[in-house]
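Trainee: here's my sequence, what's the structure:
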Amino acid sequence: MMQLPRASLKSLPSRASAARVQQRGPMLAMALAVGMGLAGQAEAAGEGIVMAPHRAIYEMTLANSKGGSSVTQVSGRMVYELTGSACEGYTQNMRFVTRMESQNGSSTLTDLRSSSWEEGKGQRFRFSSTQLRDEKATEVTAGDAARTPTADIKVELTRPAKRDLSVPRGAYFPVQHSIALIEAAKAGRTSFRADLYDGSEKGEKVYDTVSAIGKQTRVRPARKLAGKNTERMDNLASWPVSIAYYEPKSDNKDALPVYELSFQFLENGVSRNLLIDYGDFAIQGDLKEIDFLEPSKCEKR
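Mentor: This is a model prediction of the structure:
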């Protein structure tokens, strides 16, 4: 989903204006699981959906800041990498570093590092993330989620403290969500709603997501991008996608989303033209470099 990433994005703390930003940010991931581009070179849960292992670098800047926000400048970089395959599972690694400037002249350096592995058929999901502010760790999260044949998803958290909890069985893991989103786009659907569990918010939250899918276009030649094998993006189908993240069980007809992630989603799972909108300010991510990686080989049995 990009899950940017997905994704998806995980977290972007700041002293600036909104405490909610401390827990979410492009998966990205995941969103930027956002949702980011996800998965492997093999067909996965969605028949015919082929995702490309890759490493992408995004330059992050302030897109806009409204009157109620104290954020005046944002600079940073996000590096996202996906490896694996449907048979061995998908591994996503992301590092998201930003510096935020506020009206009073103070600045905050945020460094988010996250890693996850998802079983190819979406039966298991392992995740870990570390959040640093001004080079000091502020939050560490780790856990393992597994589906059961008849009951809810069971989650075993190991950080920040050992705890067991249940997640509704209908929730999607990040790679599952991305594949389902591409399936919906290819089928001509204009919206897609799903519960998403990506291990964010200390591993305790399931988000209600509503995705709006725009008209299909074709990618223009991408040779101006730095990186290896950028020609693999030429003429791929893509869709403008906007994913709104709501608090669980909220009436999203009237409620405002916690944040909204928009991007151009390519049929191979790569995301471009990121925009993370927190309401009072928004951050954009421009794809500057991409390397397409060799897929893992699935052993024949």
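Trainee: tell me the first helix or strand C-terminal of the helix or strand of the chain with the lowest mean pLDDT.
Mentor: Of all the helices and strands that make up the chain, helix 200-203 has the lowest average by mean pLDDT, DSSP states H and E, namely a mean of 86. Counting by DSSP states H and E, the next helix or strand C-terminal to helix 200-203 is strand 207-213.
Trainee: from the contact counts, what lies against that next one?
Mentor: helix 174-186, strand 191-196, strand 237-246 (3 or more C-beta pairs under 8 Å, 6 or more residues apart in numbering; DSSP states H and E). Backbone N, C-alpha and C define where each C-beta goes, glycine included.
Trainee: hang on, the earlier thing: check the offset of the least confident helix or strand of the chain from the chain's centre.
Mentor: 14 Å (C-alpha atoms, centre = their mean, to the nearest Å).
Trainee: and it, C-alpha only, in CSV?
Mentor: Extracted in CSV, the C-alpha atoms of helix 200-203 (Å, rounded to 0.1, in the frame of the first residue of the first chain):
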residue,chain,number,x,y,z
SER,A,200,2.2,0.6,15.4
GLU,A,201,1.2,2.5,18.5
LYS,A,202,3.2,0.1,20.8
GLY,A,203,1.6,-2.8,18.9
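Trainee: which outside residues touch stretch 158-172?
Mentor: Contacting residues not belonging to stretch 158-172 are listed as 122, 128, 139-145, 147-148, 151-157, 180, 194-197, 202-204, 206 [C-beta atoms under 8 Å, 6 or more residues apart in numbering].
Trainee: now that stretch: mean pLDDT?
Mentor: For stretch 158-172, the mean per-residue pLDDT is 93.
Trainee: with stretch 93-105 instead?
Mentor: 90.
Trainee: show me what counts as buried in that stretch.
Mentor: Neighbour-count burial for stretch 93-105 flags Met94, Phe96, Val97, Thr98, Arg99, Met100, Glu101, Ser102 (criterion: 16 or more other C-beta atoms under 10 Å).
Trainee: ok, now stretch 246-263?
Mentor: For stretch 246-263, by 16+ other C-beta under 10 Å, it's Tyr246, Asn252, Pro257, Val258, Tyr259, Glu260, Leu261, Ser262, Phe263.
Trainee: and Lys288, how many residues sit next to it?
Mentor: By the criterion of other C-beta atoms under 10 Å, Lys288 has 13 neighbours.
Trainee: so who does it touch?
Mentor: Ile57, Tyr58, Glu59, Leu225, Ala226.
Trainee: for those, which one is nearest Phe173?
Mentor: Tyr58 (22.7 Å; C-beta to C-beta).
Trainee: doesn't that closest one lie inside a helix?
Mentor: No: per DSSP: H, G, I helix; E, B strand; the rest coil, Tyr58 lies outside any helix segment and is strand.
Trainee: quick check: pLDDT value at the spatially closest residue to it that is not a sequence neighbour.
Mentor: Leaving aside its chain neighbours, Tyr58 sits nearest to Gly285 (3.9 Å; criterion: C-beta to C-beta, 6 or more residues apart in numbering). With respect to pLDDT, Gly285 has a value of 94.
Trainee: now swap in Ser8 and tell me
Mentor: 34.
Trainee: below-threshold pLDDT in the stretch 101-250 of the chain: ranges please.
Mentor: 250 (pLDDT under 70).
Trainee: now with 90?
Mentor: 101-108, 120-122, 134-139, 148-151, 175-176, 178-179, 200-205, 219-235, 247-250 (pLDDT under 90).
Trainee: dump the helices and strands packed on strand 207-213 to JSON lines, plus distance to Val79.
Mentor: Formatted as JSON lines, the helices and strands packed on strand 207-213 follow (distance: least, C-beta to C-beta, whole Å):
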{"stretch": "helix 174-186", "distance to Val79": "17"}
{"stretch": "strand 191-196", "distance to Val79": "22"}
{"stretch": "strand 237-246", "distance to Val79": "21"}
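Trainee: of these, flag the one that's most buried.
Mentor: helix 174-186 (a mean of 27; mean count of other C-beta atoms under 10 Å).
Trainee: show me what that helix is packed against.
Mentor: strand 89-102, strand 107-118, strand 191-196, strand 207-213, strand 237-246, strand 259-266.
Trainee: taking helix 174-186 as reference, get the angle to the first one.
Mentor: Taking axes from the mean of the first three to the mean of the last three C-alpha atoms, to 10 degrees, one finds that strand 89-102 is oriented at 90 degrees with respect to helix 174-186.
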